[in-house]
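[1] from the sequence below, what's the structure:
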Amino acid sequence: MVKGYSGIKKELPNGESWCTELFRVGGHEYSIEYYPNGANPNCADSISLDITHLYDEYVEEGVEAKFSFSLVDDVEKQMPTYIRATRKTHDFRRCDLWGCDKFMREAALERSASLKSDCFTIRCDIVVCKDNTPDAIGSGTGTEMHQHFSDLLRNKVGADVTFEVGGKTFAAHRCVLAARSEVFMAHLFGTATSNVIHITNMETKVFRALLCFIYTDSSPEMEDIMEEEVAEPTQEEAVEDEMLLQWLQDLFVAVDRYNLQRLKFICEKQLCEHVGVSSVVSTLALAEQHHRHGLKEACLKFIQVLSPSCLQTLMATDGWHIATTYPSVLYELIAMLASNQRK
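    From the prediction side, this is the model:
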């Protein structure tokens with residue numbers, strides 16, 4: 001738990017960290033380094049997290065592991081509300097420190113329900129994929145199931161169905177898709193009459209993210225997906241934010257279409273964290289369309305505290321015209337703004 005968030009943020013400048021006590025996983029000791037103002041100048045507006053494996057000079061071989069960081073929300077019974085997971089296995093002998101430079105924007109944390117009484121809790125999950133230390137060799141510790149399914153998706157061995165999405169093809173396995181989604185189950189073992197299925201109204205990067213989650217049960221990272229979609233990714237922060245938001249919104253629609261409940265939950269939480277003046281109304285319309293009351297409430301609360309100038313900017317966005325096509329949303333917006341005027 002990080003106690004006294006605001007004080008630590010003032011005390012530690014960009015590049016400096018606060019370290020947790022050591023904890024043990026699979027017979028090895030680790031700690032988390034927390035950078036309240038980012039680990040380097042490229043992420044100065046974000047929280048950075050690193051996981052450090054305690055070096056043992058008597059052990060020649062190291063540990064290969066995956067890890068994820070998330071926030072623990074006590075209100076929601078410690079379900080992860082913001083997940084940064086790695087699908088790659090990291091060798092902790094070759095480098096004893098791995099992490100996430102942009103775990104979460106500081107502004108997003110400060111308006112998050114996870115920050116309570118100037119405190120929040122970071123959860124770190126570690127999966128040991130390969131332990132090369134003498135005590136572990138032959139013991140069979142750890143699980144590689146997610147990696148095996150990821151390899152299966154990548155090497156396409158045994159694939160028996162092909163999806164065509166936006167001019168690209170994706171090979172997959174009917175049984176895996178059906179086991180993960182009742183929508184795929186009904187289609188692939190019911191109505192489908194061909195081994196080639198055309199998917200419309202969906203971008204390739206969104207379908208790629210869907211498949212990644214279905215096979216690995218890991219939250220897909222936009223950066224990893226976009227590496228295969230964009231030849232020269234831009235470094236402009238505003239453009240990156242816009243791309244991330246659009247990707248999250250499109251992914252949210254797709255997971256609702258295929259009824260992937262856990263990924264829907266993850267997308268909804270991340271959309272709540274990325275609410276902004278330019279995006280809040282389009283996200284609000286999305287929440288209304290898909291009956292996501294928590295996301296809708298987060299958007300309305302954000303709008304409620306906007307200044308008059310920000311409200312004018314908001315009403316000039318394209319999303320405003322979309323949202324006002326929903327009578328219930330328009331009524332709630334008018335009632336809320338009228339209430340603000342009376343205060």
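
[2] quick one, helices of the chain?
    5-11, 106-110, 145-155, 174-180, 182-186, 204-216, 222-227, 237-257, 261-273, 280-289, 293-304, 308-315, 318-323, 327-342 (DSSP state H).

[3] and those: which comes nearest S117?
    With Cβ to Cβ as the criterion, S117 lies closest to helix 5-11 of those, at 9.4 Å. Where you see a C-beta, it was placed from the backbone N, CA and C, and this is true even at glycine.

[4] pull out the buried residues from that closest one.
    Y5, I8, K9 (16 or more other Cβ atoms under 10 Å).

[5] with only the CA atoms kept, save it in CSV.
    Output in CSV follows, covering the C-alpha atoms of helix 5-11 (Å, rounded to 0.1, in the frame of the first residue of the first chain):
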residue,chain,number,x,y,z
TYR,A,5,0.4,9.7,-2.0
SER,A,6,0.5,13.5,-2.3
GLY,A,7,3.5,13.8,0.1
ILE,A,8,5.6,11.2,-1.7
LYS,A,9,4.7,12.8,-5.1
LYS,A,10,6.1,16.1,-3.9
GLU,A,11,9.1,14.6,-2.3
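
[6] any idea of the mean pLDDT for that helix?
    Averaged across helix 5-11, pLDDT comes to 89.

[7] which elements pack onto that helix?
    Packing contacts for helix 5-11, counted by 3 or more Cβ pairs under 8 Å, 6 or more residues apart in numbering; DSSP states H and E, involve no helix or strand.

[8] just checking, L271 touches L284?
    No - L271 sits out of contact with L284 when judged by Cβ atoms under 8 Å, with a separation of 10.3 Å.

[9] count the residues that sit near the closest residue in space to F207 that isn't next to it in sequence.
    Computed as Cβ to Cβ, 6 or more residues apart in numbering, the closest residue to F207 that is not its neighbour in sequence is V165, at 4.5 Å. Residues contacting V165 under the criterion other Cβ atoms under 10 Å number 21.

[10] so what's V165 up against?
    By Cβ atoms under 8 Å, 6 or more residues apart in numbering, V165 lies in contact with I199, M202, E203, T204, F207.

[11] pLDDT, distance to Q304 and neighbour count for those residues - can I get that in CSV?
    Below are those laid out as CSV (pLDDT from 0 to 100; distance: Cβ to Cβ, whole Å; neighbours: other Cβ atoms under 10 Å):
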residue, pLDDT, distance to Q304, neighbour count
I199, 93, 38, 17
M202, 93, 33, 17
E203, 92, 33, 18
T204, 92, 38, 19
F207, 94, 36, 22
